[in-house]
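**Student:** structure here, sequence nowhere to be found:
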């Protein structure tokens, strides 16, 4: 089929226009963060951030408790991811490799849990943690994020394990490996990329999580970065430069990770609820 | 199991009177269906339910239609534009929801927001227009925000499914005299239909329970006009300390999603069984 050149150019123009619209909010965040305050609060928009200033980033990171919030976020997210991946790897192996009664029901439960409205569990989670005296304590959030990420780490890893031909393991066992040995020498190296990708998904989910952090951690030095970001503007008056700088800092690690694994994200999408 | 316990607790609490007094004294007062009676008799609750359903339908429809349009656009543009558009989509997708929320607050800022400045530049009377003065207008901003972040997943997944269709199929269809619309309904649509179903389903769940963006933009304001079910349960429980009625609202939310979930889980288990 031969297209006329004119219609092809038009389609490309539309494509470029849509790309600009989709990317604009992200660009505007970064551009605002880099502009002097006078250019931000001006009645004529300054499209390019020129001259560039880093003062907003400095204001953002020198705000009280920033270091605490950064540390809280990192500790909680990393602990939850490690726990979640270790548990999920074992569960994924059991589901994908072993036949046991109730396996089908277990799969069903995982899918239900993954799609379940966690938002609906806010009240009971709050009360359970309150009864246990865990409110405002980091382990409470670790436990919550472990719970939030587990269903989809199990589900995604199951997919990766299922993609490794079982014959490889059998061959290793014929050659004298034990079941564990076969796992360590054959499955684990092949599973490594899957483990990395799944950890990154889990990291992003936990790093972005807002609602449980808002409810569980209410003392001033116990917040995590998303809650800090949400209250940034109102707590310090309307400082858009500072707000956008804070937002940029918070977004940057996610962007980097996301670009690294986005191919897998798209291909494994129907498996995962990887969205806020 | 970790998820099961809060669900059980939630149902149990919904049959109890659990206000601040009971919480402090650690008393359990069973009151049967009283909470449900109270919630269902409250006209505001029905406003919220209706609002949440309409919000969900509008957002899902917009997401799917625009996402499909972008997917077809991706398939039609030249290689360079395709890469640019994909990068823009991944950027929009990767931004953490809470960052996206503060960015949109800034884009739609009354005095210095770029949206008002651009519309004024086009000769429209949008100088100092407040987007957050009415519920409808605030919902408009929330919808723009949610749909902007939801398009990439839909567009990239559907584009991936369209690539499964070989060019020779289109050529054959064109040879048989099929126009663009006929080619879409006869060749493209059957190939992407299963993916469209899954994505529509996931979007319904995500948009129905969305919390971060709705809370982040205006905490349900102005005048509680943008309170959705997820937000209502939060305000009732964490805000007003009426945990019994909040739990009842959560249970109703879960019930509303269960029918859909069951259907989705069946679909996923079947595909998982096929893989093995």
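**Tutor:** Okay, I see it. Note that the structure is predicted; figures quoted are calculated from it, not measured.
**Student:** how much space between residue A:94 and chain B?
**Tutor:** Separation of residue A:94 from chain B (Cβ to the nearest Cβ, to the nearest Å): 13 Å. For every residue, glycine as well, the C-beta is placed using N, CA and C.
**Student:** before we move on, what SS does the residue nearest to that residue when sequence neighbours are not counted have?
**Tutor:** Nearest-residue entry for residue A:94: residue A:100, 7.4 Å, with adjacent residues in sequence omitted and distances by Cβ to Cβ, 6 or more residues apart in numbering or on different chains. In three-state terms, and counting by DSSP: H, G, I helix; E, B strand; the rest coil, residue A:100 is coil.
**Student:** look at residue A:100 and report its pLDDT.
**Tutor:** For residue A:100, the model assigns a pLDDT of 76.
**Student:** hmm, it is touching residue A:107, no?
**Tutor:** No. Between residue A:100 and residue A:107 there is no contact under Cβ atoms under 8 Å: 11.5 Å.
**Student:** which one of the two has more residues nearby?
**Tutor:** Neighbour count, other Cβ atoms under 10 Å in any protein chain shown: between residue A:100 and residue A:107, residue A:107 has more, with 19 against 9.
**Student:** quick check: that one is in a helix.
**Tutor:** Yes. Assigned with three-state DSSP, residue A:107 falls within a helix.
**Student:** separation between it and residue A:93?
**Tutor:** Separation of residue A:107 from residue A:93 (Cβ to Cβ, to the nearest Å): 14 Å.
**Student:** show me the contacts for residue B:267.
**Tutor:** With contacts defined as Cβ atoms under 8 Å, 6 or more residues apart in numbering or on different chains, residue B:267 is in contact with B:197-198.
**Student:** how about it, phi and psi?
**Tutor:** For residue B:267, the backbone dihedrals are phi -60, psi -50 (criterion: degrees, to the nearest 10).
**Student:** measure it to residue A:114 for me?
**Tutor:** For residue B:267, the distance to residue A:114 - Cβ to Cβ - is 13 Å.
**Student:** any idea of the pLDDT on residue A:265?
**Tutor:** 58.
**Student:** count of neighbours near residue 27?
**Tutor:** I went with chain A, as the question did not name one. Residues lying near residue A:27 (other Cβ under 10 Å) number 14.
**Student:** nope, chain B
**Tutor:** 11.
**Student:** how about it, nearest residue that isn't a chain neighbour?
**Tutor:** Spatial nearest neighbour of residue B:27, excluding adjacent residues (Cβ to Cβ, 6+ apart): residue B:21 at 8.0 Å.
**Student:** now the element after whichever helix or strand the one you found is part of, going C-ward?
**Tutor:** Residue B:21 is located in helix B:20-25, with elements delineated by DSSP states H and E. Next helix or strand after helix B:20-25 toward the C-terminus (DSSP H and E): strand B:29-30.
**Student:** strands paired with that next one, and their directions?
**Tutor:** Using DSSP bridges, strand B:29-30 pairs in its sheet with strand B:16-17 (antiparallel).
**Student:** show residues contacting the partner strand.
**Tutor:** By Cβ under 8 Å, 6+ apart, the residues outside strand B:16-17 that reach it are B:22, B:28-31, B:34-35, B:244.
**Student:** that one: how far from the chain's middle?
**Tutor:** Centroid separation between strand B:16-17 and its chain, computed with Cα atoms, centre = their mean, to the nearest Å, is 31 Å.
**Student:** now it: average pLDDT?
**Tutor:** 76.
**Student:** centroid residue for the chain?
**Tutor:** Going with chain A. Nearest residue to the geometric centre of chain A (Cα atoms, centre = their mean): residue A:204, 1.4 Å.
**Student:** oops, I was thinking of chain B
**Tutor:** Computing the C-alpha centroid of chain B and ranking residues by Cα atoms, centre = their mean puts residue B:207 first, at 1.9 Å.
**Student:** list the contacts of that one.
**Tutor:** B:55-56, B:59-60, B:63, B:146, B:150.
**Student:** for the chain, name the helix or strand with the lowest mean pLDDT.
**Tutor:** The chain I'm using is chain A. Least confident element among the helices and strands of chain A, by mean pLDDT, DSSP states H and E: helix A:103-115 (a mean of 75).
**Student:** meant chain B, my bad for not saying
**Tutor:** Ranking every helix and strand in chain B by mean pLDDT, DSSP H and E puts helix B:20-25 at the bottom, with a mean of 70.
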